[in-house]
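J.: one predicted model, sequence on top.
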Amino acid sequence: MLCMSNVSPSGTPMAASPLTRAVLEIDEYASTLGWDQPARLFALVDTARLRKQEPRLAGQLGLDQDDAGKAQLTPVEQDELPPGTPLDKFLGTIAWPDAVVGCALTVERLMLPPSAEAAVPSGMNDKQLAKWVAGHPERQEVRLTVAVLRDGSRESAVRLREKDSASEVLTGAGLVPGLAEALSATFA
């Protein structure tokens, strides 16, 4: 797990890899929408390929031609997820065209610290467990942004509602392994 300042003094995300930059860009976009938002799905496309094959769309997206030599990913938000459909079932219906090199999802959840795991009552169904977590005094509201590439690369960003600042975002490839696995399965 890595905690880093992800924003330069100019407000631009600082990150080593294009995948990390894409995750931070999506996290920042989601933060402008506020909290209590539905899950959002993004296709990740190669920016240079997008400029070449869809110059008009690239222009509409404001993609800077000066960055043409850099390997970058452009997140493209997809249609809203169907309301009431469980996320795992929805992800099982996705098939991406070849032009999509990766995908990302941002979703809000309640999390508990590891110290609370021992107190989880056994035998609860998902609905009961969700209600129990929602009432737990140590719960944290978080926004998870997880991205995967076709080649298996993964990246995640976790933003706590109580520390809602770009400089407080946790990043790392293994922060949300279950969701990363589900997103990877959309390329199978």
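T.: In hand now; what should we look at?

J.: so which elements touch the longest strand along the chain?
T.: What stands out as the longest strand in the chain, according to DSSP state E, is strand 100-111. Under the contact criterion of 3 or more C-beta pairs under 8 Å, 6 or more residues apart in numbering; DSSP states H and E, strand 100-111 touches helix 18-33, strand 40-46, strand 73-77, helix 126-135, strand 140-149, helix 177-184. Every C-beta, even on glycine, is put in place using the N, C-alpha and C of the backbone.

J.: select, out of the ones you listed, the one closest to Val120.
T.: Of all these, it is helix 126-135 that lies closest to Val120, at 7.3 Å by C-beta to C-beta.

J.: the closest one - contacts with which helices or strands?
T.: Short answer (3+ C-beta pairs under 8 Å, 6+ apart): helix 126-135 packs on strand 100-111.

J.: please redo it, this time with the cut-off set to 7 Å
T.: Using 3 or more C-beta pairs under 7 Å, 6 or more residues apart in numbering; DSSP states H and E, no helix or strand is in contact with helix 126-135.

J.: now find how far off-centre it is within its chain.
T.: 23 Å (C-alpha atoms, centre = their mean, to the nearest Å).

J.: in that helix, what's buried?
T.: Val133 (16 or more other C-beta atoms under 10 Å).

J.: state the mean pLDDT of that helix.
T.: Mean per-residue pLDDT for helix 126-135: 84.

J.: other residues contacting it?
T.: For helix 126-135, the external contacting residues (C-beta atoms under 7 Å, 6 or more residues apart in numbering) are 110, 112, 121, 124, 139.

J.: the inter-axis angle of it versus strand 140-149?
T.: 120 degrees (axes from the mean of the first three to the mean of the last three C-alpha atoms, to 10 degrees).

J.: dump helix 126-135 to PDB, keeping only the CA atoms.
T.: Only the C-alpha atoms of helix 126-135 are listed here, as PDB (Å, rounded to 0.1, in the frame of the first residue of the first chain):
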ATOM      1  CA  ASP A 126     -25.300  -9.900   2.200                       C
ATOM      2  CA  LYS A 127     -28.200  -7.600   3.100                       C
ATOM      3  CA  GLN A 128     -27.800  -8.200   6.800                       C
ATOM      4  CA  LEU A 129     -24.000  -7.800   6.700                       C
ATOM      5  CA  ALA A 130     -24.400  -4.500   4.800                       C
ATOM      6  CA  LYS A 131     -26.800  -3.200   7.500                       C
ATOM      7  CA  TRP A 132     -24.500  -4.300  10.300                       C
ATOM      8  CA  VAL A 133     -21.500  -2.500   8.600                       C
ATOM      9  CA  ALA A 134     -23.600   0.600   8.100                       C
ATOM     10  CA  GLY A 135     -24.400   0.700  11.800                       C
END
